[in-house]
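# task: produce atomic coordinates for the following.
(one chain, ligands or ions: 3)
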Amino acid sequence: MRTRTLTQTASHWGVYSVETNESGDILNTYPAPYDTEPSPLIRGLQSLVHSPLRIDQPYVRQGFLQNPEANGPHNRGGEPFVPVSWEKALGLAADALLRVRANFGNEAIYGGSYGWASAGRLHHAPSVLKRFLGLFGGYVDKRGNHSFGAALGIMPHVVGRNDITDMVVSWRSVLENTELVVMFGGANIKNMQIDSGGAASHENSSGFMRARAAGIQFVNISPFRDDLPETAAAQWQVIRPGSDTAVMMALAHTLITEALHDQSFLQRCCVGFDRLKQYVLGETDGQPKTPEWAAQHSGMEPEAIRALARRMATSRTLITTSWSVQRSDHGEQPVWMTVALAAMLGQIGKPGRGFALGFGATNGSLASRARDIPRPKMSLGPNAVKAFCPAGRTNDLLLRPGEQLEYNGLNLKIPDIKLLYSAGGNPFHHNANTNRLLQAWQRLDTVIVNEIWWNAAAKHADIVFPTTTTMERNDILAADQQSRWVAMKKVVEPYKSARNDFDIFSDLAERVGVGAAFTENRNEMGWLRHMYDTARITAQERGYAPPPFDEFWQAGDYLFPAPESDEVLFADFVADPESNRLATPSGKIEIYSETVDGFGYSDCPGQPTWIEPKEWLGSPISKQFPFHLLSNQPTWRLHSQLDASPASRKNKVQDREPIKMNRKDADAKGLKNGDVVRVFNDRGAMLAGVEIVDDLLSGVLLIATGAWYDPAEPGKAGALEKHGNPNVLTRDEGTSRLSQSIAAQSVLVDIELFTGTLPAVTAFDIPAFATE
Ligand SMILES: Nc1nc2c(c(=O)[nH]1)N[C@H]1C(S)=C(S)[C@@H](COP(=O)(O)OP(=O)(O)OC[C@H]3O[C@@H](n4cnc5c(=O)[nH]c(N)nc54)[C@H](O)[C@@H]3O)O[C@H]1N2
Ligand SMILES: Nc1nc2c(c(=O)[nH]1)N[C@H]1C(S)=C(S)[C@@H](COP(=O)(O)OP(=O)(O)OC[C@H]3O[C@@H](n4cnc5c(=O)[nH]c(N)nc54)[C@H](O)[C@@H]3O)O[C@H]1N2
Ligand SMILES: [Mo]
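Ligands and ions are numbered 1, 2, ... in the order given. The predicted structure follows:
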């Protein structure tokens, strides 16, 4: 009789049990019994744990092995790798770290390693990396994030808070209170499969059906109809990408000219409305922001804007702005204006009304959950280096040492980075303008990467440490947006000689003399118990009763009770603004900010302002590059993770990432479904596969991020990208000097049928190997 074992583990996309046989083969994956709408992504990892794409042992780039101390420029990505022992690889890494520290100081080490890594609090790669580098004397860190960096920059000035993921409204609140949901950028249910740190259950994507049944009306203001599911029966207001702020201004114009704005709320809870009013009426710049004016920018009908403003003023209204809308040039503006509009309606502080940021951007964002659930985690420890780099400005960090970077009222001096360590992120996924990144990358003296698979991050390293997947280790899932702690148990033995990040950094710490400080003499289970016990004490202090560790580990999870009612954003403040001041200089919602004004940034003035994006359908270069390229989050993967899985590969067109385009545009370009196209601009070119759709604004192309970067000439900046990675086309300029966040959505391109001999996709090939 064959024995089959079921072991529970978890991922960003769900909790599941994995079935194995006695030889350790992975047979199947089953969702947790409490997950009523499991994500199809849960079967993604099983095929990749024993895949030939796994990195089976440590490797070193040939040129690095020959001369580890050589300065750039290097040929990373273009050279074979030499397999080496763990001893050798760890020794080379420790030597490089010690050498850079001795010669240039810790400010020459970049450890800001951005990335989602995997679920699990102990083996969270960027955390263990930072703990290690902190003990080593420090590292240049990143600040902010790619997801909602512009909101992170502006919201502290507007409402005195930066907890963006908490600025949402739960389904329960909407169902009980809301009449009208006005959504800039929609809420695409594909995004509700995941949570950073791990989704436990998924009950949110059916919310639209329940809301519809309750008579709640949705307006989807987006270039793409599918940004709301059909079940929402939404009204689709198609607009040009990058024009949301103009539409918001015109809504404000109607509210003001028809005296529909709540003057007493603005008086009591806000400062600076008069400034916005003067601007909207055109008193400051001679241009009233009328619906006719906004129509020219956005393509939305003036009468539709007027009608919507009136409906918003007379309904219980929630305005939501998706994170994507602020991942664009001047992305601070639509966020600021969202708050200003909600304030004008006087509905902030009321249940189910006001504003939300990223409603449905992740699974847990819409759940009813207590906000004070602690998370078992490992302490990062201190970082003695104070220099930092805004996330998304990596290319500037590496290419402009010694120069100044303006940021949120500061002048940052860009440090001279010599060594970059990346663990748990894919720089060749997340950074914009890959060709510029590649130039920056070749300047570094040393690049160390911990990776699971031979993706572009690994292929562009000097030293590659093979790491495990979640299935090869014990851990605890505890995510900010979840109410469950989940035991993640080891399903199979580590693949070949792959090791856990924690063990890799323990060994490196040992070699550089901080071993005991790093491990505190705990092993994996020792740490899990310690992390759990520490969080349990905090939980008990807050009135919860999680069981002792052994009981939890045995049971497999602990569910914190849902609160009886959901927190209403800003309710206390609105009830009594004098006693419950916001953490802004005025204590109120700042529709005008003296602080921001004082920075003197023309790209982010003192109040919400319509500023044309550098690249959009309204800019002069749209004559040369007539299509706006949007790159949204993928349905069949998490960023670049799982791109090699069967589900993601099945979705490709002639092996390339599908690019959606409007039928009219396809006809005009002589393209048909299934064609391979070259998409290009001055920054680069990629191949993609045509998918014709009817529900996308003409002039807009839409491709999901995450196809593994696959240059025709590896290592060479400017090479044709063969697989459909949009970041060879995106701009790497900051949203504004205020938050310097990524503006990956503000991009113009052209598209043509690819006519040459079609090059094979080699993204899923392992690199060339050599002997020393
Ligand atoms: N054009 C464009 N670009 C974008 C975006 C966009 O909308 N458009 N979106 C941006 C956004 S919002 C984000 S959040 C970023 C996401 O960017 P990333 O977070 O960098 O993307 P991931 O693909 O999740 O990268 C995680 C990497 O960690 C590895 N990994 C997983 N588990 C482990 C582990 O346990 N140990 C180690 N060592 N490695 C592990 C995976 O194999 C993978 O390579 O991308 C940004 N880039
Ligand atoms: N399955 C899956 N889910 C994910 C992720 C994943 O990789 N896979 N990634 C997660 C992460 S890290 C994040 S940050 C969130 C991101 O969540 P979002 O930023 O909300 O998601 P996107 O899919 O990038 O964008 C949603 C839609 O915004 C629209 N849009 C783009 N530009 C504009 C504009 O200028 N105006 C308007 N009105 N609409 C515009 C596009 O049509 C796009 O489909 O998603 C999370 N969810
Ligand atoms: Mo993100």
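
# now the residue nearest to the spatial centre of the chain: closest residue in space that isn't a chain neighbour?
The chain has residue 147 as the residue nearest its centroid, 3.5 Å off, counting by CA atoms, centre = their mean. Of all residues not flanking residue 147 in the chain, residue 323 sits nearest, at 5.6 Å (CB to CB, 6 or more residues apart in numbering). Using the backbone N, CA and C atoms, a C-beta is placed for each residue, glycine as well.

# name all residues that make contact with that neighbour.
By CB atoms under 8 Å, 6 or more residues apart in numbering, residue 323 lies in contact with 147-148, 151, 185, 357-358, 361.

# nearest to residue 577, of those residues?
Residue 577 has its nearest neighbour among the contacts of residue 323 in residue 357, at 21.3 Å by CB to CB.

# which residues touch the closest one?
Contacts for residue 357 (CB under 8 Å, 6+ apart) come out as 148, 151, 164, 167-168, 320-321, 323, 335, 338.

# again, but for residue 633
Here residue 633 is in contact with 188, 190-191, 639, 704-705 (CB under 8 Å, 6+ apart).

# ok, now residue 740?
The neighbourhood of residue 740, defined by CB under 8 Å, 6+ apart, consists of 144, 149, 153, 390, 392-393, 405-408, 734.

# in the stretch 101-250 of the chain, which spans are strands?
109-110, 141-143, 180-184, 217-221, 235-237 (DSSP state E, counting those that start in this stretch).

# who does the third one pair up with?
Sheet pairing for strand 180-184, assigned by DSSP bridges, gives strand 217-221 (parallel), strand 317-321 (parallel).

# the last one near ligand 2 anywhere?
No - when contact is scored as CB under 6 Å from any ligand atom, no part of strand 317-321 falls within range of ligand 2; the minimum is 8.2 Å.

# local confidence estimate at whichever residue of the stretch 251-400 of the chain sits closest to ligand 1?
Scanning the stretch 251-400 of the chain for the residue nearest ligand 1 gives residue 327, at 5.7 Å (criterion: CB to the nearest ligand atom). Predicted confidence (pLDDT) for residue 327: 98.

# next one: residue 1
In this model, residue 1 is scored at 55, pLDDT.

# what comes up buried for stretch 644-652?
644-645, 647-649, 651-652 (16 or more other CB atoms under 10 Å).

# just the contacts of residue 323: which are in helices?
residue 151 (DSSP state H).

# filter the contacts of residue 323 down to the ones close to ligand 1.
residue 147.

# which ones are touching the residue nearest to the centre of the chain?
By CB under 8 Å, 6+ apart, the residues touching residue 147 are 323, 327, 361.

# closest one to residue 269 out of the residues you listed, please.
Of all those, residue 323 has the smallest distance to residue 269: 25.1 Å, by CB to CB.

# phi and psi next, for that closest one.
Backbone torsions of residue 323, given as degrees, to the nearest 10, read phi -60, psi -30.

# contacts with ligand 2 among the contacts of residue 147, please.
Applying CB under 6 Å from any ligand atom, the subset of these adjacent to ligand 2 comprises 323, 361.

# not counting its neighbours along the chain, what's nearest residue 557?
Nearest to residue 557 is residue 486, by CB to CB, 6+ apart, at 4.6 Å.

# quick revisit: find the pair from the buried residues of stretch 644-652 with maximum spatial separation.
Longest distance between any two of these is 12.4 Å, between 644 and 651; criterion CB to CB.

# helix, strand, or coil at residue 437?
Look at residue 437: counting by DSSP: H, G, I helix; E, B strand; the rest coil, its state is helix.

# pull the number of nearby residues for the residue nearest to residue 197 when sequence neighbours are not counted.
Nearest residue to residue 197, sequence neighbours excluded (CB to CB, 6+ apart): residue 479, at 3.1 Å. By other CB atoms under 10 Å, the residues close to residue 479 number 25.

# list the contacts of the lowest-mean-pLDDT helix or strand in the chain.
Least confident helix or strand of the chain, by mean pLDDT, DSSP states H and E, is helix 207-213 with a mean of 94. Where contact means CB under 8 Å, 6+ apart, the residues beyond helix 207-213 that reach it are 171, 174-175, 178, 181, 189, 218, 228-229, 231-233, 366.

# quick check: residues of this protein near ligand 2?
Residues of the chain lying near ligand 2 (CB under 6 Å from any ligand atom): 147, 184-186, 188, 190-191, 193-194, 221-224, 227, 239, 241-242, 244, 322-325, 328, 361-362, 630, 632-635, 638-639, 745.

# in the stretch 451-600 of the chain, which spans are helices?
456-459, 501-511, 515-519, 524-541, 549-555, 571-575, 594-599 (DSSP state H, counting those that start in this stretch).

# partner strands of the helix or strand that comes right after the last one and their direction?
So the one you mean is helix 594-599. Downstream of helix 594-599, the next assigned helix or strand under DSSP states H and E is strand 627-632. If you go by DSSP bridges, strand 627-632 pairs up with strand 700-704 (parallel), strand 748-753 (antiparallel).

# is any residue of the last one near ligand 1?
No - Strand 748-753 stays out of contact with ligand 1 when judged by CB under 6 Å from any ligand atom, the minimum separation being 12.0 Å.

# tell me the mean pLDDT over that strand?
What strand 748-753 shows for mean pLDDT is 98.

# ditto for stretch 490-509
pLDDT averaged over stretch 490-509 gives 98.

# ditto for stretch 295-315
On average, stretch 295-315 scores 98.

# ok, now stretch 158-173?
96.

# likewise for stretch 663-675?
98.

# contacts for that stretch next, please.
627, 653-654, 661, 677, 689-694, 698-699, 701, 751-754.

# so how do I select the buried members of the residues you listed in ChimeraX?
Only the buried entries of those go into this ChimeraX selection, using 16+ other CB under 10 Å:
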select :627,653,661,677,689,690,691,692,693,698,699,701,751,754
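
# so which of the contacts of stretch 663-675 are in strands?
Among those, the ones falling in strands (DSSP state E) are 627, 661, 677, 689-693, 701, 751-753.

# most widely separated two among those?
Largest separation among the ones in strands among the contacts of stretch 663-675 by CB to CB: 693 and 752, giving 19.1 Å.

# phi, psi of residue 448?
Main-chain dihedrals, residue 448, degrees, to the nearest 10: phi -120, psi 130.

# is it true that it touches residue 457?
No - between residue 448 and residue 457 no contact is recorded; they are 11.0 Å apart, counting by CB atoms under 8 Å.

# now render the strands of the stretch 101-250 of the chain as CSV, adding mean neighbour count, mean pLDDT and distance to residue 264.
Formatted as CSV, these follow (neighbours: other CB atoms under 10 Å; pLDDT from 0 to 100; distance: least, CB to CB, whole Å):
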stretch, mean neighbour count, mean pLDDT, distance to residue 264
strand 109-110, 26, 98, 51
strand 141-143, 20, 97, 38
strand 180-184, 25, 98, 22
strand 217-221, 23, 98, 26
strand 235-237, 18, 97, 30
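
# and residue 378, which of the ones you listed is closest to it?
Across the strands of the stretch 101-250 of the chain, closest to residue 378 is strand 141-143 (CB to CB), at 16.6 Å.

# and that closest one, how far from the chain's centre?
Taking CA atoms, centre = their mean, to the nearest Å, the mean C-alpha location of strand 141-143 is offset from the chain mean by 15 Å.

# contacts (any at all) between ligand 1 and it?
No - judged by CB under 6 Å from any ligand atom, strand 141-143 stays clear of ligand 1, getting no closer than 11.5 Å.

# so what touches the helix or strand hosting residue 440?
Residue 440 is part of helix 434-443, with elements assigned from DSSP H and E. The contact list for helix 434-443, computed with CB under 8 Å, 6+ apart, reads 72-77, 394-395, 397-399, 427-428, 431, 447, 460, 683-684, 709, 715-718, 721, 725, 727-728, 732.

# let me know the average pLDDT across it.
Rounded mean pLDDT across helix 434-443 is 98.

# is there any residue in it that contacts ligand 1?
No - judged by CB under 6 Å from any ligand atom, helix 434-443 stays clear of ligand 1, getting no closer than 9.6 Å.
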